[in-house]
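In: Following is a predicted model, sequence given first.
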Amino acid sequence: MDKVKLAIAKGRLAKYSIDLLEKAGIDCGVLKEDNRKLIFTLPSHNLEVILLKAMDVPTYVEYGVVDIGIVGKDVLLEQEKQLYEVVDLKFGKCKFSVAGKPEALQGKKHLRVATKYPNVARKYFADKGQSVEIIRQEGSVELAPLMGLSDVIVDIVETGKTLKDNGLVVLEDVADISARLVVNRVSFKTKKKEILDIVNLVSKVVG
Amino acid sequence: MKSRKVLLPEGVQDLLIGDCIYRRHIEDKLMKSFVQSGYMEISSPTLEYYDLFSGDYLSSNGDKMFKLIDTNGQILVLRPDGTIPIVRMVSTKMKDFVYPLKLCYIENVFRIDEEQADKKREFRQAGVEIFGIPSYRGDGELIITAIETLKDLGLENFQVDVGQVKLLRGILEELDISWEEKEVIRENIGNKNFIEIDRLVDELSINEDIKKVLKALPRLFGEAKEVLDEVRTLPLSTYMLEAVEELEKVWQMVRDYGLGEYISLDLGMVTTMKYYSGIIFKGFTRDLGVILLSGGRYDDLVKDFGMTCPATGFVFIVNKITKALKIQGRLKPERKKHILLLQEGEGLWNRAILENLRSQGHIVEICLLENREEILEYIDRRKVDEVLRINKEGKLETVGDLGRL
């Protein structure tokens, strides 16, 4: 049996991802050890796990240097890579939303949009026929409308607390987000049995 | 920032000496293999009119093409695809040929951001096309050519995955649902998103048999016999059965030829190239997670050029094949014996001597250096195999002891 390489997004989703693997009966003890290793071997299921920044997971899977990945739909929507998106893992649920001050959208012909997801924002407003200026951000996007850098933001909203605490509201919903299991298009064929085993284990947990 | 004079634009690359040796080795083998199977080489220009590629099938790729403005204001593009120019050539200049017309080419294609190029904007495609064969025999012949060529290159652990556009397209055409709903189904089948497909299909108010087939399609891939046995347990309509039978015939042809082990099937294979109209296929190796070759039947594209002619073809992505061969350690171009030829005095070069040595297939290089140290360094760094000298009598002798140069 060939070894299967799995990339997990660090941060928000990592804990849930490991929980999911454990529930599926894959011993992830080594992943919970507190060290700075980036590559782990889970011999019980012939798995090699690597931890990556979320934005890098689709790239690793697309290039085939790893076979499967666990990553948020937000990243997949932003990057539009050529992958098999096999299972909706149902955790890490949130929404892509347009947010701003309550009156932000009124009477605007040309919107300034601050976002960490320029492609998602551009596509959403293009589909609506609204012309926009995208302002790419790295950090706390919520600041942009407060400081007058933009009219609205497009960002992922989980609880809405950050928005509320800063006097912003959700104006429109763009898309539902959750974590996905993605598979390299070649690996699924060349390591079908090994990968299907994992897909089936995980699917059973997700239900 | 450094001056642009010394930088390269994104997505293009220089090929240094080693790269060129590999490229020529591989492309010579590819072309030899094509020609030996009866394909004839043709070549289309790098520049074409934008209009050639702006048909229905490709309009979505419009912004992926490099465009130039001609002196008369016409929009030109750098060839973004190898097949379409050949269809143009066949339909305008080669109509009267005897069919099947089997053509091949190796060309650079240019695209802005592309899946199969791994972000290269200029890359090499080696392709073959067969015009005039409507039956499975054309598709089977192509797949055999692809497998034989890869074997000839020494590639191992590879497989050709074969699909059938008619199956899903036929089902979707008959469904009384909106175009958007069809697109979502197509996308999710293409993504092999099993769970989402199950959910979507359950929500549709359509025939239960069709539901069953739609849910099964993305899961029907792998070993050919298993897939075919499984699909036959489904409630297939006549046209679905015909589509499956066509696929089966292609597989049988390749199997009877003795290459069945290289074939797998994927009934849920979806293609972004809308011009495909029947059997489609992709090739890859388990040692590299990218597509090495892709192709299929494109009868409808030829119709767009005012000619009714069945056609099918495929391309190898040359740089991906090179990479796969390197990973497998199978890239070993034959090394020729490298001879450095010195002379003991002036005016002793003799054409007959050189011609004789070169005719034996050796690289024979006349030494242009005069300084002993420089010659020794050159011999060392160029890995010269043998040093010969023409002595004062005009006779060839071996310089065995380099210390006495």
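Out: Structure's in. What do you need?

In: Quick one: residues contacting residue 55.
Out: No chain in the question, so chain A it is. A:Val75, A:Glu78, A:Gln79 (CB atoms under 8 Å, 6 or more residues apart in numbering or on different chains). Quick note: C-beta positions are derived from backbone N, CA and C, even for glycine.

In: wrong chain, I was asking about chain B
Out: The contact partners of B:Gly55, by CB under 8 Å, 6+ apart, come to B:Asp304.

In: So which of the contacts of A:Met55 are in strands?
Out: Nothing among the contacts of A:Met55 maps onto strands, per DSSP state E.

In: quick one: the nearest residue to B:Arg219 once chain neighbours are set aside and B:Met240, what's the gap?
Out: Leaving aside its chain neighbours, B:Arg219 sits nearest to B:Phe194 (6.4 Å; criterion: CB to CB, 6 or more residues apart in numbering or on different chains). Per CB to CB, to the nearest Å, B:Phe194 is found 20 Å from B:Met240.

In: Flag every buried residue along whatever helix or strand B:Lys249 lives in.
Out: In the assignment (DSSP states H and E), B:Lys249 maps to helix B:238-257. Using 16 or more other CB atoms under 10 Å in any protein chain shown as the test for burial, helix B:238-257 gives B:240, B:243-244, B:246-255.

In: Same check on stretch B:204-221?
Out: Buried residues in stretch B:204-221, counted by 16+ other CB under 10 Å: B:Ile210, B:Lys211, B:Val213, B:Leu214, B:Lys215, B:Ala216, B:Leu217, B:Pro218, B:Arg219, B:Leu220, B:Phe221.

In: follow-up on the earlier one: tabulate the buried residues of helix B:238-257 in TSV, adding columns for distance to chain A and pLDDT.
Out: Below are the buried residues of helix B:238-257 laid out as TSV (distance: CB to the nearest CB, whole Å; pLDDT from 0 to 100):
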residue	distance to chain A	pLDDT
B:Met240	23	92
B:Ala243	20	95
B:Val244	19	96
B:Glu246	21	96
B:Leu247	16	96
B:Glu248	19	97
B:Lys249	22	97
B:Val250	17	97
B:Trp251	15	97
B:Gln252	21	97
B:Met253	21	97
B:Val254	17	97
B:Arg255	18	97
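
In: Tell me how many other residues crowd residue 111.
Out: Unless you meant another one, I'm taking chain A. Number of residues near A:Leu111 (other CB atoms under 10 Å in any protein chain shown) recorded here: 19.

In: Hmm, no, I was thinking of chain B.
Out: Neighbours of B:Arg111 (other CB under 10 Å): 22.

In: Tell me which residue lies nearest the centroid of the chain.
Out: Assuming you mean chain A. A:Gly72 (2.0 Å; CA atoms, centre = their mean).

In: Let me rephrase: I mean chain B.
Out: Geometric centre of chain B, nearest residue: B:Phe316, 0.9 Å, by CA atoms, centre = their mean.

In: Which pLDDT value belongs to it?
Out: Per-residue confidence at B:Phe316 stands at 96 (pLDDT).

In: go on, B:Met40?
Out: You'll see B:Met40 listed with a pLDDT of 97.

In: my guess is it meets B:Val98, correct?
Out: No. The pair B:Met40 / B:Val98 is not scored as a contact, 11.6 Å apart, by CB atoms under 8 Å.

In: Compare neighbour counts for these two and give me the winner.
Out: For B:Met40 versus B:Val98, the count of surrounding residues by other CB under 10 Å is larger for B:Met40: 13 against 6.
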